[in-house]
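Peer 1: I'll drop the sequence and a predicted model, then ask my questions.
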Amino acid sequence: MLSSPSSQIVFYEDRNFQGRSYECSSDCADMSSYLSRCHSCKVERGCFMVYDRINFMGNQFFLRRGEYSDYMSMMGMNDCIRSCRMIPMHRGSYRMRIYERENFGGQMSELMNDCDNIMDRHRMSNCMSCQVMDGHWLMYEQPHFRGRMMYMRPGEYRSFMNMGMGSMRVMSMRRIMDSYY
(Lines give C-alpha, C1' and ligand atoms only; values in the text may rest on other atoms or scores of the structure.)
Protein backbone atom coordinates (compact mmCIF):
# COMPACT_ATOMS: atom_id res chain seq x y z
CA MET A 1 0.00 0.00 0.00
CA LEU A 2 1.33 3.43 -0.82
CA SER A 3 2.25 5.70 2.01
CA SER A 4 0.20 8.80 2.56
CA PRO A 5 1.93 12.11 3.21
CA SER A 6 -0.78 12.73 5.80
CA SER A 7 0.26 9.75 7.98
CA GLN A 8 3.24 9.58 10.31
CA ILE A 9 4.07 7.67 13.49
CA VAL A 10 7.26 7.66 15.57
CA PHE A 11 8.10 4.57 17.63
CA TYR A 12 10.42 4.63 20.65
CA GLU A 13 12.26 1.74 22.27
CA ASP A 14 11.39 2.80 25.82
CA ARG A 15 8.44 4.25 27.68
CA ASN A 16 7.92 8.03 27.71
CA PHE A 17 9.43 8.51 24.24
CA GLN A 18 12.94 7.54 25.34
CA GLY A 19 15.64 5.52 23.62
CA ARG A 20 16.15 5.01 19.92
CA SER A 21 13.31 5.99 17.61
CA TYR A 22 11.96 4.94 14.23
CA GLU A 23 9.77 7.18 12.07
CA CYS A 24 7.25 5.48 9.82
CA SER A 25 4.65 6.65 7.27
CA SER A 26 3.67 3.30 5.72
CA ASP A 27 3.19 -0.38 6.58
CA CYS A 28 6.00 -2.13 8.44
CA ALA A 29 5.73 -5.94 8.69
CA ASP A 30 8.68 -6.40 11.07
CA MET A 31 10.01 -3.57 13.20
CA SER A 32 12.87 -5.63 14.69
CA SER A 33 15.23 -4.45 11.95
CA TYR A 34 14.71 -0.84 13.17
CA LEU A 35 14.23 -1.23 16.95
CA SER A 36 14.97 -4.06 19.37
CA ARG A 37 11.76 -3.25 21.25
CA CYS A 38 9.03 -0.62 21.16
CA HIS A 39 7.21 0.64 24.25
CA SER A 40 5.91 4.10 23.31
CA CYS A 41 4.90 6.04 20.21
CA LYS A 42 3.53 9.32 18.90
CA VAL A 43 1.04 9.43 16.04
CA GLU A 44 1.76 12.80 14.48
CA ARG A 45 -0.65 12.47 11.54
CA GLY A 46 -3.16 9.88 10.40
CA CYS A 47 -4.27 6.56 11.88
CA PHE A 48 -2.43 3.26 12.34
CA MET A 49 -3.05 -0.28 13.52
CA VAL A 50 -0.25 -1.73 15.63
CA TYR A 51 0.25 -5.45 16.21
CA ASP A 52 2.06 -7.43 18.89
CA ARG A 53 3.38 -9.96 16.33
CA ILE A 54 5.24 -9.53 13.06
CA ASN A 55 3.43 -9.62 9.70
CA PHE A 56 0.33 -7.83 11.03
CA MET A 57 -0.70 -10.74 13.27
CA GLY A 58 -1.76 -11.11 16.89
CA ASN A 59 -3.48 -8.53 19.05
CA GLN A 60 -4.26 -5.32 17.21
CA PHE A 61 -4.71 -1.78 18.51
CA PHE A 62 -6.07 1.27 16.72
CA LEU A 63 -4.04 4.46 17.18
CA ARG A 64 -5.03 7.91 16.01
CA ARG A 65 -3.26 11.24 16.45
CA GLY A 66 -1.84 11.48 19.95
CA GLU A 67 0.90 10.42 22.33
CA TYR A 68 1.11 6.92 23.79
CA SER A 69 3.83 7.11 26.45
CA ASP A 70 3.24 3.62 27.86
CA TYR A 71 0.65 1.91 25.71
CA MET A 72 1.44 -1.53 27.15
CA SER A 73 -0.31 -0.68 30.41
CA MET A 74 -2.94 1.53 28.71
CA MET A 75 -4.04 -1.19 26.28
CA GLY A 76 -3.16 -4.30 28.22
CA MET A 77 -0.53 -5.45 25.74
CA ASN A 78 1.60 -8.33 26.95
CA ASP A 79 4.35 -7.60 24.47
CA CYS A 80 5.66 -4.64 22.54
CA ILE A 81 4.69 -3.54 19.04
CA ARG A 82 6.18 -5.78 16.34
CA SER A 83 4.45 -4.46 13.18
CA CYS A 84 2.19 -1.60 12.08
CA ARG A 85 -0.18 -0.81 9.24
CA MET A 86 -1.00 2.69 8.01
CA ILE A 87 -4.75 3.23 7.57
CA PRO A 88 -5.41 5.42 4.54
CA MET A 89 -8.10 8.06 4.82
CA HIS A 90 -11.33 7.00 3.13
CA ARG A 91 -13.89 9.46 1.82
CA GLY A 92 -17.06 8.03 0.42
CA SER A 93 -19.50 5.28 1.25
CA TYR A 94 -18.95 2.34 3.58
CA ARG A 95 -20.25 -1.14 2.81
CA MET A 96 -19.53 -4.55 4.26
CA ARG A 97 -21.25 -7.95 4.28
CA ILE A 98 -20.90 -10.02 7.42
CA TYR A 99 -21.52 -13.76 7.58
CA GLU A 100 -22.40 -15.99 10.48
CA ARG A 101 -19.96 -18.74 9.46
CA GLU A 102 -16.61 -19.12 7.75
CA ASN A 103 -16.35 -19.03 3.93
CA PHE A 104 -19.33 -16.66 3.66
CA GLY A 105 -21.73 -19.26 5.04
CA GLY A 106 -24.86 -18.93 7.14
CA GLN A 107 -26.88 -15.79 7.62
CA MET A 108 -25.61 -12.68 5.80
CA SER A 109 -26.20 -9.02 6.66
CA GLU A 110 -25.03 -5.95 4.79
CA LEU A 111 -23.81 -2.95 6.77
CA MET A 112 -23.31 0.65 5.74
CA ASN A 113 -23.12 2.12 9.26
CA ASP A 114 -21.66 1.23 12.64
CA CYS A 115 -23.26 -1.70 14.43
CA ASP A 116 -22.92 -1.78 18.22
CA ASN A 117 -24.41 -5.28 18.62
CA ILE A 118 -24.92 -7.78 15.77
CA MET A 119 -27.12 -9.96 17.96
CA ASP A 120 -29.61 -7.16 18.64
CA ARG A 121 -29.50 -5.51 15.21
CA HIS A 122 -29.14 -8.49 12.88
CA ARG A 123 -30.12 -11.48 15.03
CA MET A 124 -26.70 -13.02 14.44
CA SER A 125 -24.97 -14.91 17.25
CA ASN A 126 -21.55 -14.62 15.63
CA CYS A 127 -19.63 -13.27 12.65
CA MET A 128 -16.91 -15.53 11.25
CA SER A 129 -16.23 -14.05 7.78
CA CYS A 130 -16.89 -10.86 5.82
CA GLN A 131 -16.50 -9.01 2.55
CA VAL A 132 -15.52 -5.35 2.78
CA MET A 133 -16.58 -3.56 -0.37
CA ASP A 134 -16.05 0.07 0.69
CA GLY A 135 -14.24 1.81 3.52
CA HIS A 136 -12.09 0.72 6.43
CA TRP A 137 -13.62 -0.91 9.52
CA LEU A 138 -12.77 -2.01 13.05
CA MET A 139 -14.42 -5.20 14.31
CA TYR A 140 -14.68 -5.85 18.05
CA GLU A 141 -15.08 -9.05 20.06
CA GLN A 142 -17.72 -7.56 22.39
CA PRO A 143 -20.84 -5.46 21.84
CA HIS A 144 -20.56 -1.66 22.06
CA PHE A 145 -17.07 -1.56 20.48
CA ARG A 146 -15.23 -3.22 23.38
CA GLY A 147 -12.58 -5.89 23.71
CA ARG A 148 -10.02 -7.05 21.18
CA MET A 149 -10.29 -5.60 17.69
CA MET A 150 -9.44 -6.39 14.07
CA TYR A 151 -8.79 -3.94 11.24
CA MET A 152 -10.59 -4.70 7.97
CA ARG A 153 -9.82 -2.97 4.70
CA PRO A 154 -11.51 -3.69 1.34
CA GLY A 155 -11.22 -7.38 0.51
CA GLU A 156 -12.56 -10.84 1.32
CA TYR A 157 -11.98 -12.43 4.71
CA ARG A 158 -13.06 -16.09 4.55
CA SER A 159 -12.02 -16.96 8.09
CA PHE A 160 -11.12 -14.77 11.03
CA MET A 161 -9.40 -17.80 12.60
CA ASN A 162 -6.60 -17.48 10.00
CA MET A 163 -5.84 -13.89 10.95
CA GLY A 164 -3.85 -14.65 14.08
CA MET A 165 -6.70 -13.79 16.43
CA GLY A 166 -7.52 -17.31 17.63
CA SER A 167 -11.16 -17.90 18.41
CA MET A 168 -12.16 -14.25 18.68
CA ARG A 169 -15.90 -13.70 18.27
CA VAL A 170 -16.97 -10.54 16.48
CA MET A 171 -19.97 -8.81 18.07
CA SER A 172 -19.74 -5.15 16.91
CA MET A 173 -18.13 -3.13 14.14
CA ARG A 174 -17.36 0.52 13.48
CA ARG A 175 -16.31 2.54 10.42
CA ILE A 176 -12.96 4.35 10.57
CA MET A 177 -14.22 7.81 9.71
CA ASP A 178 -12.20 10.79 8.52
CA SER A 179 -13.04 12.53 11.82
CA TYR A 180 -10.47 10.19 13.44
CA TYR A 181 -7.71 11.86 11.42
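Peer 2: Happy to help now that I have it. Numbers count the residues shown, from 1 in each chain.
Peer 1: Find the residue closest to the residue positioned nearest the centre of the chain in space, skipping its chain neighbours.
Peer 2: When the chain is reduced to its mean C-alpha position, the closest residue under Cα atoms, centre = their mean turns out to be Tyr151, at 3.2 Å. Spatial nearest neighbour of Tyr151, chain neighbours left out: Met49 (4.3 Å); criterion: Cβ to Cβ, 6 or more residues apart in numbering. Heads up, the C-betas are built off the backbone N, CA and C, glycines and all.
Peer 1: just Gln107 next, same as before
Peer 2: Nearest non-adjacent residue to Gln107 (Cβ to Cβ, 6+ apart): Glu100, at 4.4 Å.
Peer 1: Does that neighbour touch Met128 like I think?
Peer 2: Yes - the criterion here is Cβ atoms under 8 Å, and Glu100 meets it with Met128 at 6.6 Å.
Peer 1: which one of the two has more residues nearby?
Peer 2: Neighbours were tallied for Glu100 and for Met128 using other Cβ atoms under 10 Å; the higher tally belongs to Met128 (22 against 19).
Peer 1: picking that back up, show me what whichever strand or helix holds the residue nearest to Gln107 packs onto, helices and strands only.
Peer 2: Per DSSP states H and E: Glu100 is located in strand 95-101. Secondary structure elements in contact with strand 95-101, counted by 3 or more Cβ pairs under 8 Å, 6 or more residues apart in numbering; DSSP states H and E, are strand 105-111, strand 129-134.
Peer 1: Mean neighbour count added to these, as CSV?
Peer 2: Formatted as CSV, the helices and strands packed on strand 95-101 follow (neighbours: other Cβ atoms under 10 Å):
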stretch, mean neighbour count
strand 105-111, 15
strand 129-134, 19
